[in-house]
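A.B. asks: Pasted the sequence and its predicted model underneath.
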Amino acid sequence: MTKVGRDLNLALRAVLGLTGSVHDRLWLFLATLGYLASAGWGLYAVGSQRPHANRGTFLLILGAFALHTLFLHQRGVAIQHCPITNLFETLAFFSWSLVLTYLVIGPVYRMSILGAFTAPVVFLINFFALAAPIDLPSALPHLGWRLELHATLALLGLGVLGIAALAGVAYLIQERQLKRHVLTSWFYALPNVGRLELVQQRVLVWGFAIFSAGAFLGFLIPHHGPDDWVKIAWSGVVWCLYAALVVVLALGRLSHKKTALLSVAGYVFILLTFWGINSLSEAHVFPHEG
Amino acid sequence: MKSMNAHVICGGLTFEEVPVELREKVAFRDAQLPDALAQMRNMLGLREAVLVSTCNRVEYFGATAQPDRAAAAWPDFLRRFHAVSDDFSALSFQMHGMSCVEHLYSVASGLKSMVVGETEVLGQLKEAYDVAHTHGQTGKWLNRLFQSSFAAAKSVRSRTAITRGHVSVGSVSVELAEKIFGDLRGCRVMVIGAGETGERTARSLLRHGVISILVANRTFDRAATLALELGGEAVRWEEWEEHALDVDIMISSTSAPHYVLTQEKLAALVRRRGRRPLFLIDLAVPRDFEPSINLLDDVFLYDIDDLQSIAQTHLRERQTEITRSMEILKPHVERYMEWAGRQTGESDADDVARGLVPA
């Protein structure tokens, strides 16, 4: 085998995690390929002007989600914990919650088009999770129900807020077309702005409620050592940002466009800081098992 | 023994060749169709017959062993039935075999309509076929032909963008309103000025379910008359701004030489009416709404040029879908021709294509 071939082989095995004993990464790798295919099909569906092409995006994402779930299940069985014990698993769970929300919102609100927005984001999160050397075994904390619920709800809340932001992106695209009087294939593929703003705002409120529940549950968990102030401060900033957004939304003070813009901006902040904050938050110290 | 030879044939007058002044002379009313079918079948020597009469075309479809006789007799039939003296022989098209099948499938798919992609023609074909079928004028050739044409048209509509986008100012306005509000049931409309274009646009919106229409005009009587016709309510000119707080769509077509609504005035109005979107349709020349209004959040302003430009774009886009649609129709046409070949014991579809369909 040539040197290039050996390097490629090693790189692939490293990405798949095949050098170690945990082969579950293969499922996440396949799921990520599925999301890539979904993203490609989603763009095609918008451009193709074929009314039923969005169903394909939904089905592809559903297939990838099954593989994604299989990964989380296998990892959970392997480590005997909820698979959020290192940054790799946390990112995988975070992206999984995004897809889960999409799979619920899509059929309920007839918004399968959101798959064209969800799939690329999930692909990128998973790609970086797989490519970066972050799947490191950690000293496994004793995950009592409160801790599991705290982490799960917080991540699920972030996933739901993600879908709100993606609906916000869809709203901004549609609003821009209506304002500029230029009707591209996106105009026909996207739902009306009324439905987009409704979904965006409802999902935003739900996401905020779930994230708040998860975040506040964290205060009830007994722990040793110093508080993880970096993460607490970050969570506080995210919570305040969304709380302010929900309040002005309830008061009807902001236009739909500004609400969508703030929802998207808030989520971009989360995406840009999530990695760094969770890398720093190794300071989480929990009472160990036994 | 009775001959089983049959040709699927068609012919008639369409908007492409014949002006409306002539078409209207030979159009068939619904009540005339049963008689006309029987007479036509007899005169043209058809075993089966369907007569299609719309504002854009008067066409017959038939199955016969004598296609030349049918083609020659068609203009005479029109003259005699409608008691007119015009000679339609040079203006009528005649087709048989595969050309006829392709023609019907294209018509059903809206590819040969004046407004390409319109779907009304499919309903008209279905009605024409139902009348003929109910009166026993169709048999296996035309039953199969029409039913497969409906399936072919459905396939074209679902797999192409041939029906996408509206092509008149009224329908484009409805399409935009639906992209802003979704379901129009529940929307309130205000018509400012009693112009004809504004009235037509309001009627389009009414057909799509808007719940109430207010009409404001400088002359209150004209507002009242139009409101009565639209089933709405007239408001006095000096009060329209107050009423505008509750409406979702405003259509303006006054002859005012200045802006009726400025950005400053509307900004104050928007603040009072909350976050509900507002769709403004300015059909007036000179314009009634200050263009910078479109900069306000949750306000969508379209003038007459915007709407006409969108309608033209849609029409061009539909034209580009014709080639794709024809490709989709091909297998449907082939399937019919193969079936026709099997009916006649001939496996050579080419013979069938030439109209040679022996039994």
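C.D. replies: That came through, no problem.
A.B. asks: Helix or strand for residue 234, just tell me which one.
C.D. replies: Because you didn't say which chain, this covers chain A. helix A:229-251 (DSSP states H and E).
A.B. asks: my bad, the chain I had in mind was chain B
C.D. replies: Going by DSSP H and E, residue B:234 is part of strand B:233-236.
A.B. asks: Which positions within that strand qualify as buried?
C.D. replies: Neighbour-count burial for strand B:233-236 flags B:234-235 (criterion: 16 or more other CB atoms under 10 Å in any protein chain shown). No exception for glycine: its C-beta is placed from N, CA and C like everyone else's.
A.B. asks: Show me what it pairs with in its sheet, parallel or antiparallel.
C.D. replies: strand B:212-217 (parallel) (DSSP bridges).
A.B. asks: Centre of the chain to the partner strand, how far?
C.D. replies: Chain-centre distance of strand B:212-217: 28 Å, with CA atoms, centre = their mean, to the nearest Å.
A.B. asks: Skip the chain neighbours and tell me the closest residue to the residue in the stretch 151-290 of chain A positioned nearest to chain B.
C.D. replies: For the stretch 151-290 of chain A and chain B, the shortest gap (CB to the nearest CB) falls at residue A:255, measuring 3.4 Å. Nearest non-adjacent residue to residue A:255, counting by CB to CB, 6 or more residues apart in numbering or on different chains: residue B:297, 3.4 Å away.
A.B. asks: Pull the number of nearby residues for residue 250.
C.D. replies: No chain in the question, so chain A it is. 10 (other CB atoms under 10 Å in any protein chain shown).
A.B. asks: looking at chain B here, not the other one
C.D. replies: 25.
A.B. asks: What's opposite it in the beta bridge?
C.D. replies: In beta-bridge terms (that is, DSSP bridges), residue B:250 pairs with residue B:190, residue B:280.
A.B. asks: Any figure for the gap between it and chain A?
C.D. replies: 16 Å (CB to the nearest CB, to the nearest Å).
A.B. asks: residue contacts, that residue?
C.D. replies: Going by CB atoms under 8 Å, 6 or more residues apart in numbering or on different chains, residue B:250 touches B:189-190, B:192, B:244, B:261, B:278-281.
A.B. asks: and what of residue B:333?
C.D. replies: Going by CB under 8 Å, 6+ apart, the list of residues near residue B:333 reads B:98, B:101-102, B:105, B:152.
A.B. asks: From residue B:9, how far out is it?
C.D. replies: Using CB to CB, to the nearest Å, residue B:333 is found at 15 Å from residue B:9.
A.B. asks: now swap in residue B:41 and tell me
C.D. replies: 12 Å.
A.B. asks: And for residue A:229?
C.D. replies: 87 Å.
A.B. asks: what is the rounded mean pLDDT of stretch B:46-58?
C.D. replies: For stretch B:46-58, mean pLDDT rounds to 93.
A.B. asks: ditto for stretch B:325-333
C.D. replies: 95.
A.B. asks: Show me the shaky parts of chain B.
C.D. replies: Within chain B, the stretches with pLDDT under 70 are B:1-6, B:345-359.
A.B. asks: Just the buried residues of the contacts of residue B:333.
C.D. replies: Buried among these (16+ other CB under 10 Å): B:98, B:101-102, B:105, B:152.
A.B. asks: will you turn those into TSV that also has secondary structure and distance to residue B:68?
C.D. replies: Below are those laid out as TSV (DSSP: H, G, I helix; E, B strand; the rest coil; distance: CB to CB, whole Å):
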residue	secondary structure	distance to residue B:68
B:98	helix	18
B:101	helix	19
B:102	helix	21
B:105	helix	24
B:152	helix	28
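A.B. asks: export the residues you listed to JSON lines and tack on distance to residue B:329?
C.D. replies: As requested, those are exported to JSON lines (distance: CB to CB, whole Å):
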{"residue": "B:98", "distance to residue B:329": "11"}
{"residue": "B:101", "distance to residue B:329": "9"}
{"residue": "B:102", "distance to residue B:329": "7"}
{"residue": "B:105", "distance to residue B:329": "5"}
{"residue": "B:152", "distance to residue B:329": "5"}
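A.B. asks: circling back to that earlier point, more neighbours, residue A:229 and residue B:9?
C.D. replies: residue B:9 (26 against 12).
A.B. asks: ok, for the more buried one, nearest residue in space, not its chain neighbours?
C.D. replies: residue B:96 (4.2 Å).
A.B. asks: hang on, the one you found packs against residue B:65?
C.D. replies: No: counting by CB atoms under 8 Å, residue B:96 sits too far from residue B:65 to count as a contact (11.5 Å).
A.B. asks: Among the two, which residue is more densely surrounded?
C.D. replies: residue B:96 (23 against 18).
A.B. asks: what are the phi and psi angles of the more buried one?
C.D. replies: The phi/psi pair for residue B:96 (degrees, to the nearest 10) reads phi -150, psi 170.
A.B. asks: same deal with residue A:24?
C.D. replies: According to degrees, to the nearest 10, residue A:24 has phi -70, psi -20.
A.B. asks: That one contacts residue A:69, doesn't it?
C.D. replies: No: using CB under 8 Å as the test, residue A:24 is too far from residue A:69 to be in contact (11.4 Å).
A.B. asks: and these two? which has more neighbours close in?
C.D. replies: Neighbours of residue A:24 and residue A:69, each counted by other CB under 10 Å, are more numerous for residue A:24; the result is 22 against 15.
A.B. asks: Give the closest residue to the more buried one in space, chain neighbours not counted.
C.D. replies: Closest to residue A:24 by CB to CB, 6+ apart is residue A:74, at 3.9 Å.
A.B. asks: just to confirm, which helix or strand has the one you found in it?
C.D. replies: Assigned by DSSP H and E, residue A:74 falls in helix A:53-79.
A.B. asks: I'd like the next helix or strand past that helix.
C.D. replies: helix A:87-108.
A.B. asks: Does chain B have contacts with that next one?
C.D. replies: No: applying CB under 8 Å from any CB of the partner chain, one finds helix A:87-108 out of contact with chain B, separated by at least 15.4 Å.
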